[in-house]
Each structure stands twice: as C-alpha cells, then as structure tokens.
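>>> Fold the following.
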Amino acid sequence: MAARKSSLSSTPVAKSVRFGDSVSTVLRNFKKGDKEYYNLLLQQLQEEDMKSDNLFCWLRELNECALQLSRDHELLVGAILTIEWVNREAVVVLEYQRFIEQLVSAQPIYLKACLKMLVKIFIPTVSTVQTERGFDIVHSTIESITHRIPMSPSILIPILTELFPYRTRDALTLKSYVQNLLTVSKYLPNYREKILEIVVEKVTNIDVNTTVDDLDEPDYAMAMDNVGIIDETIFDMDGLDDRPGNDMWTSNLKEGLPMSNEMADKLDILMGILFNFIRQSCFNTETGDLMLEQTKTLFREIIRIYDRIILPTHASNHIQYIVFYIASFHPILYGWFIDFTLKKLTDPNTVPILRQATAGYIASFVSRAKYCTVSNVAATLELLVKWVHVYMDSLDTCRNLYPDVTRHGPLYSVCQAVFYIFIFKHRELIDHKEYGLSFIRQLCFEKIIMSKLNPLKVCLPTVVSLFARLTRMYQIVLCYTVIDRNKRMCLPVITSHNESSRLTNINPLDSFFPFDPYRLPRSRKFIADIYQEWVGEQPENDVSHSVGTHKQSANEDDVDDFLDDDVESDDDEMKCNGSLTPNAPSVLTAYGTSPGFNPMYELQSPTQTVQTIISQDLSYKQKRKKIR
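Numbers count the residues shown, from 1 in each chain. As a prediction, the model looks like this:
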C-alpha cells in the first residue's frame with residue numbers, strides 16, 4: 001500500500017479557482033451562526049462536474065480540520081462522501097483516502113457512513129464501471145481503516161450483508177460484489193468465516209430459486225459445447241493465470257455461451273468464483289502444493305457454514321458442492337466430513353428432519369465421491385447398518401409395529417442411505433480382496449427388509465427396485481417376496497398431523513440426494529474429475545451371476561438412467577409404493593418435501609467413527625474388531 005501511495009502522489013494537479021474563505025474559517029463562522037459561506041461550500045462540493053484540482057484543494061484543507069467535523073456537519077460530510085473519486089487523478093485519490101482515514105479516526109460517528117460509501121463502490125452501475133485499480137484503491141482504504149479502528153470489522157460485516165445485491169440483479173453486479181467480498185476476507189482473516197457465510201447464504205438463495213428442470217437440454221448441451229471460449233474478465237483473481245503452462249491454476253473460467261436460464265447462469269458464475277477462492281486459499285500459488293494447515297482451517301469454517309445454512313436448506317442443487325470440492329483435497333478432510341455427518345445422524349438431540357437430511361448427504365457423498373476409498377465406504381456402510389440393527393432390536397418387544405414415517409423417519413432415511421450406497425458401491429466392495437461377498441452378507445440385510453417396520457415399503461421405489469435386483473443377482477437376499485406382498489396388500493403408511501393420525505398411500509419420506517449430477521456447465525470442470533457418475537449394471541437374468549465377470553457400462557445413457565434398470569413403472573406400483581416422484585425421469589434428480597417429523601424412539605449409534613479408520617493403518621480384521 002505504501003508503494004501505491006508513492007506512485008499516486010507523483011501525479012500533478014493544476015491550480016484551482018475557488019470562491020469563499022478557507023474551510024477552517026467557514027467552519028468557525030458556521031459554529032457562530034454564519035451559514036453563508038458554509039452553504040456556498042456545500043454548493044461547490046455538490047457540483048456534478050467538479051474539477052479534480054478544486055476537489056484536491058478542498059480535501060487538503062478538510063484534512064487539516066477533521067477534528068472540527070462534528071455531528072452538526074453531517075450535510076458537509078455527506079456531500080463529500082457522494083463525490084465520485086476513485087477514477088480521478090492519483091493525487092486526488094490519495095488525498096481523498098487521507099481524508100477518510102482522518103475523519104473516521106477523529107470522528108468515529110462517521111465510520112459507518114464511510115464504510116457504506118466504500119462498499120457501495122463494489123456494486124457497479126451503468127455510469128461507474130470500476131476497474132481493478134479502482135477496487136484495489138477501495139480495498140486499501142478499508143484495510144487502512146480496520147488497522148486504525150479495531151472495532152470497524154464488526155461494523156463492516158453487517159454493511160456487507162445489507163448491501164448484497166438482490167438475486168434478480170444482473171450477473172455482472174453479483175460477480176463483482178462476491179469477488180470483492182472474498183477479497184475483503186483475505187486481509188480480514190479473522191472474519192473470513194462470516195464473510196463466507198454471507199456469500200454462501202446469498203448463493204444458496206439463488207440456488208433454491210433455480211429449478212434444474214428449467215435447464216433445457218439443448219441449452220445445456222450448447223453451453224457444454226462452448227466451454228472452450230474464454231472470457232478474460234471473469235474470475236481473474238490474484239493473477240494466477242499469468243503463469244504459462246499451469247492449466248490447473250487457470251484463474252479464468254472457460255466460459256461458454258450464457259444459458260437461457262438467467263438465474264442458472266448467475267449461479268454458474270458464482271459457483272466458479274467460490275471454487276476458485278477455495279483452491280487459491282488451499283494451494284501455494286507458486287509451487288502448487290497443498291497447504292494442509294490452512295486447508296484444515298478453511299474446511300472447518302466451511303463445515304460450520306454447511307451446518308448452519310446448507311444442511312437445513314432443502315433441495316439445494318449446487319451450493320453443497322463446495323464441501324464436496326474441498327473434501328477432495330486430502331483424505332483427512334473427507335474423513336472429517338463423514339465423521340461429522342455420522343455423529344449428527346446418530347445424535348438423538350438433533351431434530352429428526354435434519355437427521356433425515358444428513359442421511360441423504362452421507363449416502364450421496366459416499367456414493368458420488370471418487371476419492372472416497374473402499375475402506376471408507378465399507379466402514380460407513382457397516383456403521384449405518386449396525387445403527388439400523390440396534391434401532392430395530394430395541395423395538396422387538398413392541399407390539400403392533402407398522403410402517404410409520406412420523407415416528408421412525410430417521411430409521412427409514414438411514415435404510416434408504418444403506419440401499420443407495422450399496423447400489424453405487426457394490427462392485428467395488430465385492431471385487432475388493434479384503435471385503436467381497438462375505439462382508440456384505442455379514443451386514444444381515446435380510447433382518448432389515450423382513451422387519452415389521454417394512455423399509456422396502458417406505459423407501460423410494462426406484463432405490464428399492466435396484467437394491468432388490470442387485471441383491472438377487474449376487475444371491476445376498478431375496479427382496480421380491482416383501483415387495484410383492486406390499487404390492488398385493490398396498491399397505492397404507494401411517495402419518496399424523498396436528499396430533500391426529502391418518503392413513504395415506506403418499507410416501508412422506510424425504511427423497512433428497514444432494515450430490516445428484518452437477519448441471520452447471522462452466523463451473524462443472526471443478527467437479528468432473530472427482531465425481532462418480534451412475535454406471536448401470538449389465539442386464540443379468542441369471543440369479544447365479546458369477547462374481548468378478550461383470551463389466552462396467554460406458555454408455556452415456558447410463559449416467560442418469562436409474563429408473564431404466566429393470567424397474568417397474570406401472571401406475572399401480574407407483575400408487576402402492578407411494579413414490580414422491582412417480583413421473584420423474586431419474587431418482588438422481590428426484591426431490592421430495594420436508595415433512596418435519598418427531599420420532600418416538602431415538603437411539604445413540606456406536607461411538608466408532610470413520611475418522612478412526614482413516615487415521616490408523618490397521619489391517620481389515622483389526623478394523624472390523626475396532627468398529628464392533
């Protein structure tokens with residue numbers, strides 16, 4: 001900042017022509033009741049075409065009498081704060097900065113007004129499109145103020161929230177504001193979490209108001225075909241793209257044509273900014289090495305933001321991928337996330353609706369993250385299954401058990417998570433030399449599906465159908481007996497509302513899988529290499545399928561064809577099974593509604609966590625023994 005001020009002072013300013021006395025004389029006369037020259041001074045400062053040399057002279061005099069600018073001079077200070085100064089000559093800019101710093105130091109009552117004026121510059125208008133130089137000037141001024149006045153960040157944060165542009169503003173405005181907020185967090189590291197929370201909350205608001213179904217396929221395909229077009233004005237942060245040959249650190253997102261869905265286009269841009277910020281905060285800009293301690297700190301901040309904002313938000317489509325992305329940087333990170341979700345899922349003090357949402361997160365994360373190892377998958381699956389068994393065992397003595405989502409919502413969500421993980425990861429588990437079919441058979445799926453609570457009745461029909469097909473293929477358990485019985489009996493699900501129970505065939509179980517395919521074309525490049533697409537199982541009619549002979553299907557149609565794999569879709573089955581999305585094209589993009597349940601039975605899960613598996617280099621038998 002000192003070098004910048006030295007260069008600014010080198011620009012000459014012409015001599016000025018003014019009318020009236022000096023500023024100090026005008027202020028003394030104003031205090032005595034003589035307002036003639038004071039009003040003249042206001043009039044000159046409010047001129048739209050004020051010359052820079054006149055402004056420079058006024059500012060130089062005002063710097064000398066900053067102590068005299070009390071609350072009685074609000075009109076004068078307000079006139080100065082409305083002057084457009086960032087794009088003027090360098091010496092004028094420097095003098096204006098000095099005035100602001102002197103004013104807030106001498107008269108803290110003007111601190112909020114000055115900070116608000118500076119933050120407003122982050123929002124470009126038609127008449128004032130700021131350059132990078134202009135933003136640098138504003139940031140240096142804010143940084144100087146925070147050094148002079150330690151309490152200023154506590155005033156700045158509410159201003160950043162208050163002035164955040166509404167989601168209907170244009171993409172350029174949102175991009176500019178978010179980039180500048182993230183820049184503020186770099187020189188205010190102690191307030192980075194609060195600034196990130198502001199950004200995540202606003203991006204989440206845009207996300208939930210962006211309907212993925214509105215992204216028409218021709219438009220999506222067009223954007224994907226044009227990802228090679230580079231917009232040099234977007235996501236240029238810290239000049240990381242100036243190093244030739246390092247494509248991983250390219251700061252500018254490869255821009256495609258704007259999507260016809262304006263809201264989705266804004267979301268795509270903002271997600272790219274967040275991904276870039278996370279990467280630049282975690283990797284050394286010169287060597288490209290991961291800075292593990294700094295990454296851990298940022299990850300903890302993001303997890304707390306996830307817990308406060310992302311997790312309670314139902315059916316968000318993309319914002320949760322910031323957790324998915326940063327967790328890919330190191331095994332410790334995704335181990336922490338799995339550990340966090342397991343603890344929250346099995347904590348009886350957590351409200352049931354959040355436990356159900358957490359079940360969806362852990363199922364989707366473990367299934368979709370390529371970087372999640374087989375040992376993590378096995379440990380997570382075993383912990384979930386063990387919790388289900390403990391829950392069901394506690395109800396063995398209960399009479400008149402029946403499918404009741406209101407009382408047992410977390411249980412059904414965990415069962416659905418188990419089925420979902422098995423569908424995605426069964427090949428890796430079966431082919432792994434330390435696990436295989438013996439590990440899966442020891443999970444005792446039969447006990448779960450034969451329970452009187454009947455999870456096959458409540459869980460999403462497409463998940464149940466694929467789980468039944470795969471378990472039959474590998475001769476693990478036969479689910480079709482229960483499925484056929486459910487279809488014949490068409491058992492109603494018990495729900496309650498306002499303390500009155502009723503029977504319904506509508507399934508109230510939340511069917512939200514947060515890490516469904518990422519559909520924003522430009523920012524998708526950050527996720528593509530670490531994301532596990534759905535690979536359909538080869539059709540197999542022989543129940544004596546030989547393990548180890550199956551092949552992965554590389555057909556593009558298998559990416560989102562969860563419903564195409566031997567799944568019945570007649571109307572009668574949909575009505576009996578109570579699907580929330582009977583006409584949905586894929587379970588991977590099928591969302592339900594949040595019921596808000598209050599279960600009767602709450603149990604604590606085993607204390608063993610996946611993080612223990614990651615942190616210790618144990619053999620498979622030792623892991624199994626420790627988990628039990």
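>>> what secondary structure does the spatially most central residue of the chain sit in?
A centroid search over the chain (Cα atoms, centre = their mean) returns I319, at 3.1 Å, as the residue closest to the centre. Of the three states, I319 takes coil according to DSSP: H, G, I helix; E, B strand; the rest coil.
>>> need the next SSE after the helix or strand containing I305, C-terminal direction.
Taking DSSP states H and E as the definition, one finds I305 inside helix 292-305. Sequence order places helix 321-327 as the next helix or strand after helix 292-305, per DSSP H and E.
>>> After that following helix, which helix or strand is next?
That would be, after helix 321-327 and using DSSP H and E, helix 331-345.
>>> Can you list the helices and strands that the helix or strand following that following helix packs against?
As assigned by DSSP H and E, the chain's next helix or strand after helix 331-345 is helix 352-368. Counting contacts by 3 or more Cβ pairs under 8 Å, 6 or more residues apart in numbering; DSSP states H and E, helix 352-368 is packed against helix 321-327, helix 331-345, helix 374-393, helix 405-431. Where you see a C-beta, it was placed from the backbone N, CA and C, and this is true even at glycine.
>>> Redo these as a markdown table? Include mean neighbour count and mean pLDDT.
Listed next are those as a markdown table, based on neighbours: other Cβ atoms under 10 Å; pLDDT from 0 to 100:
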| stretch | mean neighbour count | mean pLDDT |
| --- | --- | --- |
| helix 321-327 | 24 | 97 |
| helix 331-345 | 21 | 95 |
| helix 374-393 | 21 | 94 |
| helix 405-431 | 23 | 93 |
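>>> Relative to F135, which of those helices is closest?
Minimum separation from F135 across the helices and strands packed on helix 352-368 (Cβ to Cβ) falls at helix 321-327, 23.6 Å.
>>> could you say what helices and strands that closest one packs with?
helix 262-282, helix 292-305, helix 331-345, helix 352-368.
>>> most tightly surrounded among those helices?
Mean neighbours per residue, mean count of other Cβ atoms under 10 Å, is largest over the helices and strands packed on helix 321-327 for helix 352-368, with a mean of 24.
>>> Which residues are in contact with the nearest residue to T358 once chain neighbours are set aside?
Leaving aside its chain neighbours, T358 sits nearest to L345 (4.5 Å; criterion: Cβ to Cβ, 6 or more residues apart in numbering). If you count contacts by Cβ atoms under 8 Å, 6 or more residues apart in numbering, L345 has them with R355, T358, A359, I362, W387, P410, V414, S605.
>>> I'd guessed the residue nearest to the centre of the chain sits against V200; true?
Yes. Between I319 and V200 there is a contact under Cβ atoms under 8 Å: 6.4 Å.
>>> Report the helix or strand with the lowest average pLDDT across this protein.
helix 571-577 (a mean of 37; mean pLDDT, DSSP states H and E).
>>> before we move on, back to that, kindly export the helix holding I305 (C-alpha atoms) in CSV.
Output of helix 292-305 as CSV, limited to C-alpha atoms (Å, rounded to 0.1, in the frame of the first residue of the first chain):
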residue,chain,number,x,y,z
LEU,A,292,-2.6,-28.5,4.8
GLU,A,293,-3.0,-26.4,7.9
GLN,A,294,-4.6,-23.5,6.1
THR,A,295,-6.8,-26.0,4.3
LYS,A,296,-7.9,-27.6,7.6
THR,A,297,-8.8,-24.2,8.9
LEU,A,298,-10.9,-23.3,5.8
PHE,A,299,-12.5,-26.7,5.9
ARG,A,300,-13.7,-26.2,9.5
GLU,A,301,-15.2,-22.9,8.6
ILE,A,302,-17.0,-24.3,5.6
ILE,A,303,-18.3,-27.2,7.7
ARG,A,304,-19.7,-24.8,10.2
ILE,A,305,-21.4,-22.8,7.4
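>>> Nice, that's everything, thank you.
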